[in-house]
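Asks: Please work out how this folds:
(chains A and B)
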2 protein chains.
Amino acid sequence: MKLTIPKNELATKLSMVSKVVPAKAVKAILQGILFKVSDGVLTISATDLETGFVTEIREFTTDGEGAFVVEGKVADEVVRSLPGSEIVIEYDGISATFSSQKSRFTLPTMDPKEFPEFSPDVNGEEFVLSTTQVETMLDRSMFAAAKDEIMRNLNVVLWEFDSDYLRFVAADGFRLALAESANPYNFVGSFLLSLNSMKDFASSVRMASSDELLLRFDGRRVGFSFDGTQMIVRVVDAEFPNYKTVLPQEFRTRIVVEKNTFIEALKRVSIAARLGSETVKLEVGDEVMKVSARSSDRGEAVEEIEVKKDGEDMIIGFNPRFLLEACQHVDTENVELNFKDSNGPVQINPVDVEGYLYIVMPVRLV
Amino acid sequence: MKLTIPKNELATKLSMVSKVVPAKAVKAILQGILFKVSDGVLTISATDLETGFVTEIREFTTDGEGAFVVEGKVADEVVRSLPGSEIVIEYDGISATFSSQKSRFTLPTMDPKEFPEFSPDVNGEEFVLSTTQVETMLDRSMFAAAKDEIMRNLNVVLWEFDSDYLRFVAADGFRLALAESANPYNFVGSFLLSLNSMKDFASSVRMASSDELLLRFDGRRVGFSFDGTQMIVRVVDAEFPNYKTVLPQEFRTRIVVEKNTFIEALKRVSIAARLGSETVKLEVGDEVMKVSARSSDRGEAVEEIEVKKDGEDMIIGFNPRFLLEACQHVDTENVELNFKDSNGPVQINPVDVEGYLYIVMPVRLV
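Replies: So this is what the prediction gives:
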């Protein structure tokens, strides 16, 4: 079998699917990518048994049909490195030769029958979302998920469809991010998708040319379809905490501060916080908020920032990184901080815009 | 004491001298930077006991004289992070406060009397070099030095002044780089300077505004002066191998190849070399050189490149990284490879340009 494929298309698709190929695996076949030509379509598939990709290439020429498996990360690197605008792949039953101009790579192949089966068919709920809306909501939420895979129920993004809203929620025990939009989908339910799968998803849909994202859900798996690509993600079987109990219902103090001024001050104060207890102290007064951090023996930083305040004065401590990351995900020029009391969480949100908010738990000041 | 200093000048000088401050040290004072105001000049000093910097700032205002030591890496980060164009430093005998606009850092100080003494006075040979020439020669040579500090006599750059030439030589046992220029300095001799000190030197002189580099050498230490900065480097007390025995005297085969074509081919073939024995095979024929690498079970890469050849055909193996790094340091469009025989080193040099060359030892083909 001899295929001729435009290089850019092949490189883009390979780099997308090879992301799920594990760097190490018990069996060589688990590091493979399946190339299959059938009915005039080339499909390229990869899976880590949790997440799978099947993507199509239609713009290519071939002299026949067939299938082979090659090492995924190597094929990805080979295709990216080849010169020219077209790549020829020749499969002789034993090896696959990728060539272009005067460059040639020959890769051993594995038996496609041993490639882990995963069906891209997900039968159940099915509806079309806006790709850009999902991207925006993911960007606003997933940074707050627990990074540690051991924390199975927090190393996820919660997708929650209730009667009014579609909500993405991520939390790591110290902070929480929530993004929401109207739910017109006639589906009520929720599922957890792993942070890794959401990162792969986000970097894959970024290249999508259409804004239509087909979502299918059968209770165990979620299928996303966009641009000739299907991504199948196994739902994480764990219980997400009842996040609604964390959302403060009323506030004693509300301040509005210029976002970039606050971000720059937090970055500077973080220098001193890092030398000590990783804590920044906020002292909210009538028109000024003092932002400070100190280490007992290595130095102290103090910033004064203008604020607009409603409510009581407040002295409270936080991990500066959590405040920073929340503010960096606010799109408006000013940011609103809502305090319940000096032992309670702060809610950070944009000013006069609905749709997302961040909760950060305080730390005790010493 | 209260100083007012332009921020850019202070940040540039601090980032230069703080490079030698060790990240960890047995005593806190060894992580310090000395600020000293005397006779209307602010000097900033740092040393790791092998290399020392003393740099002057003249454009500043002060209300007195004095000296203090603060933690170097912290002061560097603080000054870079401060907003505005001017920084005020107030020293009260206990701590130093760095402030600008509404930002303020207070750092504890250490006793300047405990700061390690190192004299910037080096009395002996003294002559003026061209900064850009030294920079160019260093760039052409130091990448080949051994990276491992344990290899004391190769983790260096050899500065060799003979009756005709100034030569920089660096080698790691597998390859060698040599850069030379005329020696008009009336000094014959040589010394070894550590790779680390040469990296610090290269990044420091990059900012120099004048092309005059004063070099002083007293047998134990080398002093470089440029732009109000003195860098003092202790000479490495070790024996550099007699590199002249490695330089091939005659060649059986000489080829000329387009440099970027060869570099791109080597990069691609390196993908396959990395999977196997890190070896690239060169097969030099009349008009074509085959460049290939293979792993016994994970794939093979083959490239064909046009060459101009004088002499015999040749089959020889190398570590592709060493060929790559040598070619990447050749300035001409074409590069010349000179082979002695299939067990001997290759000499890589620019075409029709004198002044630098690279030697790479072969590896056995399996």
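
Asks: Might you report the residue contacts of residue A:361?
Replies: Residues near residue A:361 by C-beta atoms under 8 Å, 6 or more residues apart in numbering or on different chains: A:174-175, A:345. C-beta here means a position set from N, CA and C on the backbone, and glycine is covered the same way.

Asks: got the residues of the stretch 251-366 of chain A near chain B?
Replies: Residues of the stretch 251-366 of chain A lying close to chain B (C-beta under 8 Å from any C-beta of the partner chain) are A:264-265, A:267-268, A:271-272, A:275, A:297-305.

Asks: Tell me how chain A divides into domains.
Replies: Chain A is divided into the following domains under automatic domain parsing: A:2-114, A:125-244, A:248-360.

Asks: Any idea how far apart the tips of the first one sit?
Replies: Translated: domain A:2-114. Start-to-end span of domain A:2-114 (C-alpha to C-alpha, to the nearest Å) is 22 Å.

Asks: ok, of the residues of the stretch 251-366 of chain A next to chain B, which come out buried?
Replies: For these, a neighbour count by 16 or more other C-beta atoms under 10 Å in any protein chain shown gives the buried set as A:264-265, A:268, A:271-272, A:275, A:298-305.

Asks: which strands and helices sit next to the helix or strand containing residue A:178?
Replies: Per DSSP states H and E, residue A:178 falls inside strand A:175-182. In terms of contacts (3 or more C-beta pairs under 8 Å, 6 or more residues apart in numbering or on different chains; DSSP states H and E), strand A:175-182 is packed against helix A:131-141, strand A:165-171, helix A:320-328, strand A:356-360.

Asks: what's the spacing between it and its chain's center?
Replies: 14 Å (C-alpha atoms, centre = their mean, to the nearest Å).

Asks: Quick check: next helix or strand after that strand?
Replies: Per DSSP H and E, the first helix or strand lying C-terminal to strand A:175-182 is strand A:189-194.

Asks: Turn the domains of chain A into CSV, including mean pLDDT.
Replies: Shown next, in CSV, are the domains of chain A (pLDDT from 0 to 100):
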stretch, mean pLDDT
domain A:2-114, 96
domain A:125-244, 96
domain A:248-360, 96
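
Asks: what about those, which gets the closest to residue B:204?
Replies: Set against residue B:204 and scored by C-beta to C-beta, those come closest in domain A:248-360, at 23.8 Å.

Asks: Show me what residue A:280 is bridged to.
Replies: residue A:318 (DSSP bridges).

Asks: ok, now the one 10 residues further on?
Replies: The residues listed as beta-bridge partners of residue A:290 by DSSP bridges are residue A:283, residue A:304.

Asks: Let's have the domains of chain A in TSV, adding distance to residue B:179.
Replies: Formatted as TSV, the domains of chain A follow (distance: least, C-beta to C-beta, whole Å):
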stretch	distance to residue B:179
domain A:2-114	31
domain A:125-244	43
domain A:248-360	40
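
Asks: Mind checking those domains for the one nearest to residue B:128?
Replies: domain A:248-360 (40.3 Å).

Asks: and that closest one, how far apart are its ends?
Replies: End-to-end distance (C-alpha to C-alpha), domain A:248-360: 11 Å.

Asks: which element is the spatially most central residue of chain A on?
Replies: Central residue of chain A (C-alpha atoms, centre = their mean): residue A:199, 3.2 Å from the mean position. Residue A:199 belongs to helix A:195-205 when elements are defined using DSSP H and E.

Asks: what do you get for residue A:16?
Replies: In this structure, residue A:16 is located in helix A:7-17 according to DSSP H and E.

Asks: Could you tell me how far that helix lies from the centre of the chain?
Replies: Its chain's C-alpha centre and that of helix A:7-17 lie 20 Å apart, by C-alpha atoms, centre = their mean.

Asks: likewise stretch A:133-143?
Replies: Mean C-alpha position of stretch A:133-143 versus that of the full chain (C-alpha atoms, centre = their mean) differs by 7 Å.

Asks: Which parts of it count as buried, going by neighbours?
Replies: Of all the residues in stretch A:133-143, those buried under the rule 16+ other C-beta under 10 Å are A:134-138, A:140-143.
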